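Colleague: Quick one, fold the following:
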Amino acid sequence: MIKWLLKYGVVIFVFNSILLSIESTYVIGNQIFLALMGIFLFVLLINPMLIKTILFHKAFSFLLFINLLNLLYFFLFHSISDYDAIKYLMARSVEFSIISTSIFFNYEYYKNKFLDHLVYVVLGIVVFGFVIDPSLFSGRYSGIIWNPNMFSSLVIIAFSIHFLKHEKLTRSDYFILFILLISALASGSRNSLVALILVFIFKYGFTSKNVMYGFFALVISLFILTINLETSINRFVDNTFNDRILQFEYAYISVQEKLFTGYGLDKYAYINKSLVPIHLKDKIIGAHNGYLAILAQYGIIFGSVILFLIFRKSLQAYFYFKNKKSFESVYLFIILYVLIASIYESLITGINEFSTILFWFSTSILSYSMFLKENES
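Modeller: Residues are numbered from 1 along each chain as shown. The predicted structure follows:
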């Protein structure tokens, strides 16, 4: 049982984030999360060799350093009575431990099968959503997922994985891609369009094939705009960035308010509502920018170090794998996608968000893959 948990901890963690995104399964998802955290922490405590062998492994050293920064920040700016900060500190450290041990013990699975399994799970959720709620274009569609933006994130990542992973697409592959693409656009999330542009450039570059795809996409988009729908395309044209700019403004003001100390470990994706005028309080929900969120959470000193570690590891992966057509290229796409999406969404900072978990997992598995390649005999 313990060995199985060490090997498939990431699978449970990722798929459980989907349960947490479904209203009817949120409670059980939260129970699974707490159980996973508790059991894994206990396993680490009774197996100190795991800590020495894996958590101090060179490939995962950037995760260890972030955990040490979190610990130092806690001792400097929190007290032992800050229960929520302790929960974040423990959850983040256990999350990184789950990622590291799963990759170390089950690298071949995450290399060869995990991405396919992820696509099929998301596809199953989409199809089940069609059965429960077939009204695809009557407003922003989210199926059984509680939020259209979350639904879009699940579906567009699954679309991108399937599109990139298969060099030669069969009819069934095209059918899967069509279902995922229509679902993503029906969500009304502008994030879907950004991901689509990125995935085509990532796979084909600025080639004649990409130009052809772009032309067809333009024709289809113009047709969709003539219909009164709430697809991603309609929303992108109607109101591209106005709502986000307002969020960014008050996130930036919040950062300035506690520039050096930050608001605390438990204040991720945070905006100080006391700085927001009364008439805007309903519109200003959160930072909607992962980078401003980190600076608000940690302050400029700790936040800058953490952002440096993130970009350093991401750039190392990019320059090492950018010309390789293998499983690494799919994980590399996830990293680039989340880094771009973090400009207008509060990603990277949380614990249980689907894209955020995949980001940390992707950086870690590519770091481990680089280590293996560099130490091949």
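Colleague: so residue 199 touches residue 333, yeah?
Modeller: Yes - in this structure, residue 199 is within contact of residue 333 by CB atoms under 8 Å, at 6.6 Å. C-beta: built from backbone N, CA, C; applies to glycine.
Colleague: Can you work out which residues contact both of those two?
Modeller: 160, 164 (CB atoms under 8 Å, 6 or more residues apart in numbering).
Colleague: residue ranges with poor pLDDT in the stretch 51-200 of the chain?
Modeller: Residues of the stretch 51-200 of the chain meeting the criterion pLDDT under 70: 137-139.
Colleague: As a check, name the ranges of all helices in it.
Modeller: 61-77, 83-112, 114-132, 148-165, 171-186, 190-204 (DSSP state H, counting those that start in this stretch).
Colleague: Give the buried residues for the last one.
Modeller: Think helix 190-204. In terms of neighbour count (16 or more other CB atoms under 10 Å), helix 190-204 has its buried residues at 190-196, 198-200, 202-203.
Colleague: and the gap between residue 326 and residue 366?
Modeller: Per CB to CB, to the nearest Å, residue 326 is found 11 Å from residue 366.
Colleague: the more surrounded of those two?
Modeller: Higher neighbour count among residue 326 and residue 366: residue 366, with 26 against 12, using other CB atoms under 10 Å.
Colleague: Per-residue pLDDT of the more buried one, please?
Modeller: If you check residue 366, the pLDDT there is 97.
Colleague: now swap in residue 294 and tell me
Modeller: Residue 294 carries a pLDDT value of 95.
Colleague: In which helix or strand does it reside?
Modeller: Element membership of residue 294, judged by DSSP states H and E, is helix 290-321.
Colleague: Past that helix, which element shows up next along the chain?
Modeller: helix 327-341.
Colleague: Pull the number of nearby residues for the residue nearest to residue 24 when sequence neighbours are not counted.
Modeller: Excluding the flanking residues, the one nearest residue 24 by CB to CB, 6 or more residues apart in numbering is residue 144, at 7.5 Å. When neighbours are counted by other CB under 10 Å, residue 144 registers 19.
Colleague: For residue 144, give me the backbone phi and psi.
Modeller: Per-residue torsions, residue 144: phi -90, psi 0 (degrees, to the nearest 10).
Colleague: Repeat that for residue 167.
Modeller: According to degrees, to the nearest 10, residue 167 has phi -70, psi -40.
Colleague: how near is the nearest residue to it once chain neighbours are set aside to residue 374?
Modeller: Spatial nearest neighbour of residue 167, chain neighbours left out: residue 325 (7.1 Å); criterion: CB to CB, 6+ apart. Taking CB to CB as the measure, residue 325 falls 20 Å from residue 374.
Colleague: got it, and residue 101?
Modeller: 21 Å.
Colleague: Between these two, tell me which one has more neighbours.
Modeller: residue 101 (26 against 10).
Colleague: on contacts alone, who are the packing partners of the helix or strand containing residue 244?
Modeller: Residue 244 belongs to helix 242-257 when assigned by DSSP H and E. Packing contacts for helix 242-257, counted by 3 or more CB pairs under 8 Å, 6 or more residues apart in numbering; DSSP states H and E, involve helix 290-321.
Colleague: what's the helix it packs on packed up against?
Modeller: helix 61-77, helix 242-257, helix 327-341, helix 354-374.
Colleague: With distance to residue 43 added, can I get these in TSV?
Modeller: Putting these into TSV (distance: least, CB to CB, whole Å) gives the following:
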stretch	distance to residue 43
helix 61-77	17
helix 242-257	38
helix 327-341	26
helix 354-374	18
